[in-house]
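> Show me how the following folds:
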Amino acid sequence: MNAAPAGAAGAASWLQTLPTDPPPRGSGGAAVLAVLRDGLEDVEVLLIQRAVRDGDPASGQVGLPGGHVEESDASLAETALRELEEEVGLTEGDLVTPLRCLGLVPAPRFALTVAAFAAELGPAGRAPRAHNAREVAHVFWLPVAALRTFRLLPRDTPQGSRDMECVVFDGHVLWGFTRRVLLELFKIEPAEAG
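Coordinates of the predicted model:
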């Protein structure tokens, strides 16, 4: 994998200021993991397009690999790693950095508090894939620069249809919780509607 261009911050630089200590296990009901890599022109983050499933409030949505805590998970970091393997086939051995903790993020639409983690894919890391077709329809890499512009698109909410800020990249629509987590991780204030 080629490194980010000269003068650009690489994946490791985004992670170095985040703590490695996870929040206490009982403080979140779910965990997500932002896997970063140095792309040809920009740092990129791994995203999934969730499979369409009846009764799933995240059905068809773009998100970070992750999911609910299970009783067997010893920590929220373990939840994030388990879900990473179940959804995209990557393990801790594919990561070059230890998990860094962005913090606990409220996800009101799902009535959850979610632990958000980040790590860098190693140069010898396997290529992610939709490992569980029942949960994941597609995986893709989003360049960080794509987060700097947004569009307004209608979205059904409990209050009816509303125009919501979102990122549209290669036919994928990213909004809500995942967009908030990534804007926080990369310290981005959206500059303009595009």
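
> going forward, measure contacts and count neighbours with C-alpha atoms only.
Fine.

> Kindly list the longest helix within this structure.
Longest among the helix segments of the chain by residue count, using DSSP state H, is helix 76-88.

> show me where pLDDT drops low in this structure?
Under the criterion of pLDDT under 70, the regions of the chain flagged as low confidence span 1-9, 55-59, 190-194.

> show me what contacts the most centrally placed residue in it?
When the chain is reduced to its mean C-alpha position, the nearest residue by C-alpha atoms, centre = their mean turns out to be residue 64, at 2.8 Å. Shown here is residue 64, whose contacts under the criterion C-alpha atoms under 8 Å, 6 or more residues apart in numbering are 32-34, 46-48, 178.

> tell me which of those is nearest to residue 112?
Of all the contacts of residue 64, the one sitting nearest residue 112 is residue 32; the distance, using C-alpha to C-alpha, is 12.1 Å.

> how many other residues sit next to the closest one?
If you count neighbours by other C-alpha atoms under 10 Å, residue 32 ends up with 25.

> coming back round to it: what is the longest helix of the chain packed up against?
Contacting helix 76-88 under the criterion 3 or more C-alpha pairs under 8 Å, 6 or more residues apart in numbering; DSSP states H and E are the following elements: strand 30-38, strand 66-68, strand 112-120, strand 136-143.

> Make CSV from those strands and add distance to residue 89 to it.
Rendered in CSV, the data for these read as follows (distance: least, C-alpha to C-alpha, whole Å):
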stretch, distance to residue 89
strand 30-38, 12
strand 66-68, 12
strand 112-120, 15
strand 136-143, 11
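
> Kindly compare burial across these and name the winner.
Scoring these by mean neighbour count under mean count of other C-alpha atoms under 10 Å gives strand 30-38 as the most buried, with a mean of 26.
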